[in-house]
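K.L.:
quick one, structure for this:
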Amino acid sequence: MNKPVTYVNPPSHCDICHTAIGNDFYDAFVQVLRGTWANVCPACFKHYGVGLDTGRGQHFHHDSSINKFVKVEG
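P.N.:
Residues are numbered from 1 along each chain as shown. As a prediction, this is how the structure comes out:
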């Protein structure tokens, strides 16, 4: 079985709306002004995100069994 890809230093807050990160966040390219890479909450990703894939973004979910954020998409 492959070792899961985890996020080493997960963000505590969304880079756009500044709400606390819950169980999910996106490390993704977002369309804000000219576009930028950001760690965003699901609501901001839905509004500003450009998709998930190599070079576009990844979705991380908190896995309580290992107490880490694990990549689940992208």
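
K.L.:
give me the residues contacting the helix or strand of the chain with the lowest mean pLDDT.
P.N.:
Using mean pLDDT, DSSP states H and E, the weakest-scoring helix or strand in the chain turns out to be strand 36-40, at a mean of 90. Residues from elsewhere that reach strand 36-40 (Cβ atoms under 8 Å, 6 or more residues apart in numbering): 10-11, 14-16, 21, 25-30, 32, 48-49. C-beta here means a position set from N, CA and C on the backbone, and glycine is covered the same way.

K.L.:
apply 7 Å and report the result again.
P.N.:
11, 14-16, 25-30, 48 (Cβ atoms under 7 Å, 6 or more residues apart in numbering).

K.L.:
quick check: next helix or strand after that strand?
P.N.:
Using DSSP states H and E, the next helix or strand after strand 36-40 towards the C-terminus is helix 42-48.

K.L.:
taking strand 36-40 as reference, get the angle to the helix or strand just after that next one.
P.N.:
Downstream of helix 42-48, the next assigned helix or strand under DSSP H and E is strand 57-63. Put simply, strand 57-63 runs at 20 degrees to strand 36-40, going by axes from the mean of the first three to the mean of the last three Cα atoms, to 10 degrees.

K.L.:
how far does the least confident helix or strand of the chain sit from the chain's center?
P.N.:
The chain centroid and the centroid of strand 36-40 are separated by 8 Å under Cα atoms, centre = their mean, to the nearest Å.

K.L.:
what does stretch 62-74 give?
P.N.:
On Cα atoms, centre = their mean, the centre of stretch 62-74 falls 11 Å from that of its chain.

K.L.:
check which residues of it are buried.
P.N.:
Under the neighbour-count criterion of 16 or more other Cβ atoms under 10 Å, stretch 62-74 has 62, 68-69, 74 buried.

K.L.:
contacts for it, please.
P.N.:
Stretch 62-74 has contacts (Cβ under 7 Å, 6+ apart) with 4-7, 10, 23, 52-53, 57-61.

K.L.:
report all helices and strands that the helix or strand harbouring residue 27 contacts.
P.N.:
Element membership for residue 27 (DSSP H and E) is strand 24-30. On a contact count with 3 or more Cβ pairs under 7 Å, 6 or more residues apart in numbering; DSSP states H and E, strand 24-30 meets strand 36-40, helix 42-48, strand 57-63.

K.L.:
thank you, goodbye.
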